[in-house]
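Just the structure for this:
(2 chains)
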There are 2 protein chains.
Amino acid sequence: MTPTITAFKASPDEGRGLARDMPVRWALEEVGQPYRVQLVSFEEMKQPAHLARQPFGQIPTYQEGDVALFESGAIVLHIAERRPSLLPEAADARARAISWLFAALSTVEPPIVECEQTEYAEADRSWYRERLPIMQGRIQGRLDQLSARLGDAEWLDGAFSVGDLMMITVLRRLEGMDIPEDYPNLAAYVARGEARPAYKRAFDAQFAVFEAASRRDD
Amino acid sequence: MTPTITAFKASPDEGRGLARDMPVRWALEEVGQPYRVQLVSFEEMKQPAHLARQPFGQIPTYQEGDVALFESGAIVLHIAERRPSLLPEAADARARAISWLFAALSTVEPPIVECEQTEYAEADRSWYRERLPIMQGRIQGRLDQLSARLGDAEWLDGAFSVGDLMMITVLRRLEGMDIPEDYPNLAAYVARGEARPAYKRAFDAQFAVFEAASRRDD
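Reported below is the predicted structural model:
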């Protein structure tokens, strides 16, 4: 059965692949699973039909027969569990890959999202400039530790896994924050992820949605 | 094999059960799995031995033979997957329980932690009072949606699951923020979680660590 995911009809990231359908598309491409996409508008996301499948009115969701999921982390894990290649078979390596998946979302991402949301909501407030280094310091604390752990390795723990997929997705949100340049090994790690054929197919698919929306607006 | 978890030797929450070993202890108690605890000081958490098992220098970690995990979400999921009672058997219900686990950590918790960290780091700054309603608004947006979805139900989706365990853990961080009173169904939901015998055993175990530390300080 072909799964269906939801994505923004008009993504606020303008085709940069920073919306949360991107890691789901990427995971599906890594495991070679074809999928359908249902695009939803911001208006539709607040309606009961969408809230029934996503209680917080967000994208993405994932439906495959009777199985319905929300939260990109849960969806990516589900995809990785059911088809080989994104989770190691050995119990210890599998446990570490899932630890990295949670670390990306629970430990590395929150200070990055805080910085993004604050720019969006408070860039014109008097305190914004003075607070920026405080928020950047929280991000750098995490990146220092991540960079130290990664070292010169290709991926976080052996072969590319669902943990790398989500960590690279999260690190891509730093684009435009002038931070990655201080961490050349993290920048190279992100570039390795972006060079994967599955990543490129996922990126192109979400970019095509942006292009189609742009043509409608012309 | 009896698993070993790590927890704070001197928890900054002073025995209130708000540190991240609490959901791990709770999950272990729910499934009836005995465990050992290794207490670590803030100094030890920054040393190579601890960083090798927790790259971000945090607690908890989980070790069971060759299997070593970090991140409370990953640990709780691992416990739930290997022993019955915290994850439904049916694939669709299981997928939803895991979605709620990620929603607790990725969607509901970040604005709460932002508010906590800002109080800790910026309470004496000129802008703090003016920013507080902005941060509280972000929390309330999530709670409005969570409260609407929970309604009058006992748990988020059928029987108590790993999703409820983590969501209640996250909501407990609101203590002292004057917010839960506006959401009587969420307050009752948290109280139902805290009334579970497994919760109480977990709470008492972490409180005993605090009491022992207090006696040492006398």
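
mind checking pLDDT for the most centrally placed residue in chain A?
Geometric centre of chain A, nearest residue: A:T169, 4.0 Å, by CA atoms, centre = their mean. Predicted confidence (pLDDT) for A:T169: 98.

Distance check, it against B:Y120.
29 Å (CB to CB, to the nearest Å). Placement of C-beta: from N, CA and C, glycine included.

Nearest spatial neighbour of the residue nearest to the centre of chain A, chain-adjacent residues omitted?
Spatial nearest neighbour of A:T169, chain neighbours left out: A:P23 (4.4 Å); criterion: CB to CB, 6 or more residues apart in numbering or on different chains.

now the host helix or strand of the one you found: how far from the chain's centre is it?
Using DSSP states H and E, A:P23 sits within helix A:21-31. How far helix A:21-31 lies from its chain's middle: 9 Å, per CA atoms, centre = their mean, to the nearest Å.

Quickly note the distance from A:R138 to A:T107.
Taking CB to CB, one finds A:R138 at 11 Å from A:T107.

More neighbours: which of the two?
Of the pair A:R138 and A:T107, A:T107 is the one with more neighbours under other CB atoms under 10 Å in any protein chain shown, namely 22 against 17.

pLDDT below threshold where in chain A?
Under the criterion pLDDT under 70, the flagged ranges of chain A are A:180, A:218.

Which helix or strand lies directly C-terminal to the longest helix belonging to chain A?
For chain A, the longest helix by residue count, based on DSSP state H, is helix A:128-150. With elements assigned by DSSP H and E, the helix or strand that comes after helix A:128-150 is helix A:162-172.

List the buried residues of that next one.
A:V162, A:G163, A:D164, A:L165, A:M166, A:M167, A:I168, A:T169, A:V170, A:L171, A:R172 (16 or more other CB atoms under 10 Å in any protein chain shown).

what does stretch A:83-93 give?
A:L86, A:L87, A:P88, A:A93.

Compute the first-to-last residue distance for that stretch.
Stretch A:83-93 has an end-to-end distance of 16 Å (CA to CA, to the nearest Å).

centre of the chain versus that stretch, how much separation?
Offset of stretch A:83-93 from its chain centre (CA atoms, centre = their mean): 20 Å.

My guess is the residue nearest to A:T169 contacts A:L77. True?
No. Counting by CB atoms under 8 Å, A:P23 stays clear of A:L77, with 10.7 Å between them.

can you confirm A:L69 is in a helix?
No. Using DSSP: H, G, I helix; E, B strand; the rest coil, the secondary structure at A:L69 is strand, not a helix.

what does stretch A:106-122 rub up against?
Residues outside stretch A:106-122 that contact it (CB atoms under 8 Å, 6 or more residues apart in numbering or on different chains): A:128, A:131-132, A:135-136, A:138-139, A:141-143, A:146, A:167, A:170-171, A:173-174, A:177, B:56, B:58, B:71-73, B:105-106, B:109-110, B:113-114, B:131, B:134, B:138.

Which entries within those residues meet the buried criterion?
Neighbour-count burial (16+ other CB under 10 Å) applied to those gives A:131, A:135-136, A:138-139, A:142-143, A:146, A:167, A:170-171, A:173-174, A:177, B:56, B:58, B:71-73, B:105-106, B:109-110, B:114, B:131, B:138.

Specify the local secondary structure of the residue of chain A positioned farthest from its centre.
For chain A, the residue at maximal distance from the C-alpha centroid (CA atoms, centre = their mean) is A:S126, at 31.4 Å. Here A:S126 is recorded as coil under three-state DSSP.

shouldn't it be in contact with B:R125?
No. With contact defined as CB under 8 Å, A:S126 does not reach B:R125; the gap is 11.6 Å.

domain ranges for chain A?
Domain ranges of chain A: A:4-85+A:198-217, A:91-196, per automatic domain parsing.

how far does the first one stretch from start to finish?
Across domain A:4-85+A:198-217, the terminal residues are separated by 26 Å (CA to CA).

for stretch A:68-87, same thing?
End-to-end distance (CA to CA), stretch A:68-87: 21 Å.

Please apply the same query to stretch A:18-36.
Stretch A:18-36: ends 19 Å apart by CA to CA.

Ok, stretch A:116-132 next?
Start-to-end, stretch A:116-132 (CA to CA) is 11 Å.

before we move on, what about stretch A:4-12?
In stretch A:4-12, first residue to last residue: 21 Å (CA to CA).

that older thread, what are the neighbouring residues in contact with the residue farthest from the centre of chain A?
Counting by CB under 8 Å, 6+ apart, the residues that A:S126 touches are B:W127.

Roughly how far does it sit from B:R131?
Relative to B:R131, A:S126 is positioned 11 Å away (CB to CB).

related to what we said a few turns ago, what's in contact with the helix holding A:P23?
Outside helix A:21-31, the residues that reach it (CB under 8 Å, 6+ apart) are A:3, A:5-8, A:34-35, A:37, A:59-60, A:62, A:72, A:75-76, A:79-80, A:83-86, A:162, A:165-166, A:169, A:196-199, A:201-203, A:205-206.

Go through it and flag the buried ones.
A:D21, A:M22, A:P23, A:V24, A:R25, A:W26, A:A27, A:L28, A:E29, A:E30.

Next: stretch A:148-157.
In stretch A:148-157, counting by 16+ other CB under 10 Å, buried: A:R149, A:L150, A:W155, A:L156, A:D157.

Widest-spaced pair of those?
Within the buried residues of stretch A:148-157, A:R149 and A:W155 form the most distant pair, 11.4 Å apart (CB to CB).

Give me the residues contacting the one helix or strand A:A198 maps to.
Element membership for A:A198 (DSSP H and E) is helix A:197-217. Residues from elsewhere that reach helix A:197-217, judged by CB under 8 Å, 6+ apart: A:7-11, A:14-15, A:17, A:19, A:21-22, A:25-26, A:28-30, A:37, A:39, A:193-194.

give the contact list for the closest residue to A:A103 other than its chain neighbours.
Closest residue to A:A103 apart from its sequence neighbours, by CB to CB, 6+ apart: B:E71 at 5.2 Å. Listed by CB under 8 Å, 6+ apart, the contact partners of B:E71 are A:S99, A:F102, A:A103, A:S106, A:T107.

want to try a markdown table for the domains of chain A, with distance to B:A49 as columns?
Formatted as a markdown table, the domains of chain A follow (distance: least, CB to CB, whole Å):
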| stretch | distance to B:A49 |
| --- | --- |
| domain A:4-85+A:198-217 | 29 |
| domain A:91-196 | 14 |
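
B:A52 is nearest to which of those?
Per CB to CB, nearest to B:A52 of these: domain A:91-196, 9.2 Å.

Endpoints of that closest one, how far apart?
So domain A:91-196: terminal residues 26 Å apart, CA to CA.

Distance from the chain centre to that domain, please.
Taking mean C-alpha positions (CA atoms, centre = their mean), domain A:91-196 and its chain are 11 Å apart.

Fine by me, thanks again.
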